[in-house]
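Colleague: Quick one: sequence plus predicted model below, questions after.
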There are 2 protein chains.
Amino acid sequence: MAGEFELIARYLMRDERREGSQRETRGSDAFTALGQGDDCALVVPAPGTQLAISTDMLVSGRHFLPDTDPYGLGHKALAVNLSDLAAMGAEPRAFTLALALPNADPTWLAAFSDGMYALAAEHGCRLIGGDTTRGPLTLSLTVFGEIPAGQALRRDGAREDDDIWVSGVLGDARLGLDLLLGKWADRLDEADRAAAVAALERPTPRVALGRALRGVATAALDLSDGLVGDLGHLMTRSGLGARVLPDALPHAPRLAALPREAALACMLAGGDDYELCFTAPPAARDTVAALSARPALAGLRLTRIGTMTRPDDRPEADRARPTFVDANGGILDLPLRGFDHFDAERTD
Amino acid sequence: MAGEFELIARYLMRDERREGSQRETRGSDAFTALGQGDDCALVVPAPGTQLAISTDMLVSGRHFLPDTDPYGLGHKALAVNLSDLAAMGAEPRAFTLALALPNADPTWLAAFSDGMYALAAEHGCRLIGGDTTRGPLTLSLTVFGEIPAGQALRRDGAREDDDIWVSGVLGDARLGLDLLLGKWADRLDEADRAAAVAALERPTPRVALGRALRGVATAALDLSDGLVGDLGHLMTRSGLGARVLPDALPHAPRLAALPREAALACMLAGGDDYELCFTAPPAARDTVAALSARPALAGLRLTRIGTMTRPDDRPEADRARPTFVDANGGILDLPLRGFDHFDAERTD
């Protein structure tokens, strides 16, 4: 007598079907989760650890285009949540999925599920519960990660004169969105167009970097809304200002095909980068630089883009924004107002 | 530069605003949660406990009427999740909220938030994280409860000859929905109409009962989709059959104002009752009956409605449904097919 959507829920619970629904399974670090089929999943974090929890909701037409490739959507829905765990330095362990679907299309579901499980398997992260219902396409994931007690990377630990670092490159995801919306196509070759769209649709959560930054970074967060807004959160929480060198922002060469202002907008306020932004004292520069060489980080680029400063004496409205400077320390007047709209579109 | 929906998220995080966003707070049983404002919430269950986790998604027009009173919706969204914790015997500790809203209406939000926080306060359950976005009205909550290791009430522990019990009364919530849809109004007085609608819109999660049933019940679940379907899950998971006496089903006197078949449909397949259904050995009858007298249970009615039996030898399609019997053990041929549609409407 199971309804259509109850069957979907069972279909999605692959791990549990494979492992048997009532056994207690044991993760690599003694994190345990009892199988599904009851009203709740039961979880026991390993002794001496804290459970990091994050929740994100993705709505069709707002966070992704309605015709998005379902494999990519399955990947991305989990990736953006794993990115929150990465930002805290937590080890992904499990997640729940609540899914509203307009209809039960088996082809769509199989692809969505494949994308989600491929990334989950990569990170040893298990689906432990969920809910499936009919409704406008909406996904809500809650992820669970473990972290040794007291070692979580927070947003409030940055200190004056700390360096500001970002991982990877910025702006490709926004470029990918622009391409899907019909912009810039004539300026880029096919490989660059594909790479930018892939950056948007298949972001890589920086889990290994987050783990490696425990005890090294003084503060960290992930870049989901764009550097200006996200670094602003770190500034506010740490009670500091920040100076950023736009010329230092890491980007793929393809971004130079755009007008400079558009390229800057992609890097500073484009959103969806899912890179980590973190601070560390200047004395840790060699340590940070050496992280890229670790096998787990696979040569991930780490770039210094600025410095944390004393709290700002600008008007309050501007305090949560970095000051942009050139290589000589001269203040740049970037057309930030232009980013407001950009940002307002994306921060909710 | 915070967007409208980011401001909403901050508004909803009342506890955190009140307590300061960076302090570590300590619950009554050593469950700890670090405040919000980072990419994740951090949680530490008390030693010797398991964390029970459940997730539910509610979609406007499907799980509630679009014009539902927002206070009631705030209450119910949390209540249905707490009911899952109750079914496992877990103590509510915390929850996350993902919310898609078509627009930011402060009056609606204030009422929704009041309803949610009133129930949360009653159960000492804190909002520890969330996400707010523009979209078709959709809520997804994930709740966290603590339970002493090994004491969780499961669905798979029922034994042959165990009594089947339910709490409270059945069918009022479905009657309430029928009333909102324009049915039966002429058969009931105003007080009964109001009580039925309240049962639908303000269900009481049976948290104290779940806690009291630890070590007493052999299996338990909450009644969200209707007794027939939900007891079916318990039968399947426990590998048993069940006999139920329709004449024993507890209901408010007002339900007798409906034609008998409609009243039975409300009780057996109406859904949204959020009462607990549990099994216990006949030797525990006095113990169970005595629970109602505990102050925490406030006289909650507990009714024996049937018996778990050997696994069914009926055709497979019928095995997950109870057999209905009269007081003499005679098998009743209830028009169950009629409930299929009823049920299919509500189980997803």
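Modeller: Great, that's in hand.
Colleague: Give me the below-cutoff pLDDT ranges for chain A.
Modeller: Applying pLDDT under 70 to chain A flags the ranges A:1-7, A:10, A:14-36, A:335-348.
Colleague: quick one: the nearest residue to residue A:145 once chain neighbours are set aside and residue B:128, what's the gap?
Modeller: Take residue A:145 and drop its neighbours on the chain: the residue closest to it by C-beta to C-beta, 6 or more residues apart in numbering or on different chains is residue A:90, 3.1 Å away. All C-beta atoms are positioned from the backbone trio N, CA, C, and that covers glycine. According to C-beta to C-beta, to the nearest Å, residue A:90 and residue B:128 sit 15 Å apart.
Colleague: So for those two, which residue has more residues nearby?
Modeller: More crowded of residue A:90 and residue B:128, by other C-beta atoms under 10 Å in any protein chain shown: residue A:90, with 32 against 26.
Colleague: give the contact list for that one.
Modeller: Taking C-beta atoms under 8 Å, 6 or more residues apart in numbering or on different chains, we find residue A:90 in contact with A:52, A:145, A:146, A:147, A:152, A:210, B:40.
Colleague: what's the answer for residue A:63, then?
Modeller: By C-beta under 8 Å, 6+ apart, residue A:63 lies in contact with residue B:133.
Colleague: which residues touch the helix or strand containing residue A:174?
Modeller: Using DSSP states H and E, residue A:174 falls within helix A:172-180. Helix A:172-180 is contacted from outside by A:65, A:184-185, A:188, A:193, A:195-201, A:203, A:226, A:251-252, A:254-255, A:258, A:265-266, A:270-274, using C-beta under 8 Å, 6+ apart.
Colleague: same thing with stretch A:133-141?
Modeller: Under C-beta under 8 Å, 6+ apart, the answer for stretch A:133-141 is A:5, A:55-60, A:66, A:73, A:77-78, A:81, A:95-103, B:55, B:57, B:59, B:61-63, B:98, B:100, B:131, B:135-136, B:138, B:140, B:348.
Colleague: count of neighbours near the nearest residue to residue A:59 once chain neighbours are set aside?
Modeller: Leaving aside its sequence neighbours, residue A:59 sits nearest to residue B:135 (C-beta to C-beta, 6+ apart; 3.5 Å). Neighbours of residue B:135 under the rule other C-beta under 10 Å: 22.
Colleague: picking up where we left off before, beyond the helix holding residue A:174, next helix or strand please.
Modeller: Assigned by DSSP H and E, the successor of helix A:172-180 is helix A:190-201.
Colleague: For that following helix, buried residues please.
Modeller: A:192, A:193, A:195, A:196, A:197, A:199, A:200, A:201 (16 or more other C-beta atoms under 10 Å in any protein chain shown).
Colleague: Looks like the second one contacts residue A:187 (just checking).
Modeller: In other words, residue A:193. No: Residue A:193 is not in contact with residue A:187 according to C-beta atoms under 8 Å; the separation is 9.5 Å.
Colleague: Show the backbone phi and psi for the residue nearest to residue A:145.
Modeller: Backbone torsions of residue A:90, given as degrees, to the nearest 10, read phi -90, psi 150.
Colleague: Please apply the same query to residue A:81.
Modeller: Here residue A:81 shows phi and psi, under degrees, to the nearest 10, equal to phi -80, psi -40.
Colleague: just to revisit the earlier point, can you tell me which two in the contacts of residue A:90 are farthest apart?
Modeller: The largest separation in those, counting by C-beta to C-beta, is between A:146 and A:210 at 12.3 Å.
Colleague: Name the residue in the two with the higher neighbour count.
Modeller: Set side by side, residue A:146 and residue A:210 show more neighbours around residue A:210, with 31 against 21, by other C-beta under 10 Å.
Colleague: Would you map the helices across the stretch 201-348 of chain A?
Modeller: A:207-213, A:227-238, A:260-269, A:285-291, A:316-319, A:337-347 (DSSP state H, counting those that start in this stretch).
Colleague: Also the stretch 51-200 of chain A?
Modeller: Going by DSSP H, counting those that start in this stretch, the stretch 51-200 of chain A shows helices at A:70-88, A:106-122, A:172-180, A:190-201.
Colleague: Comparing those, which comes out most buried?
Modeller: Highest mean neighbour count among the helices of the stretch 51-200 of chain A (mean count of other C-beta atoms under 10 Å in any protein chain shown): helix A:70-88, with a mean of 26.
Colleague: So which elements touch that one?
Modeller: strand A:49-59, strand A:91-101, helix A:106-122, strand A:138-148, helix A:190-201, helix A:207-213, strand A:219-222 (3 or more C-beta pairs under 8 Å, 6 or more residues apart in numbering or on different chains; DSSP states H and E).
Colleague: go again using 6 Å as the cut-off
Modeller: Under the contact criterion of 3 or more C-beta pairs under 6 Å, 6 or more residues apart in numbering or on different chains; DSSP states H and E, helix A:70-88 touches strand A:49-59, helix A:106-122, strand A:138-148, helix A:207-213, strand A:219-222.
Colleague: contacts for that helix?
Modeller: Residues from elsewhere that reach helix A:70-88 (C-beta atoms under 6 Å, 6 or more residues apart in numbering or on different chains): A:52, A:54, A:56, A:58, A:64, A:92, A:108, A:111-112, A:114-116, A:119, A:139, A:141, A:143, A:145, A:152-153, A:201-203, A:205-207, A:210, A:220-222, A:274, B:39-40.
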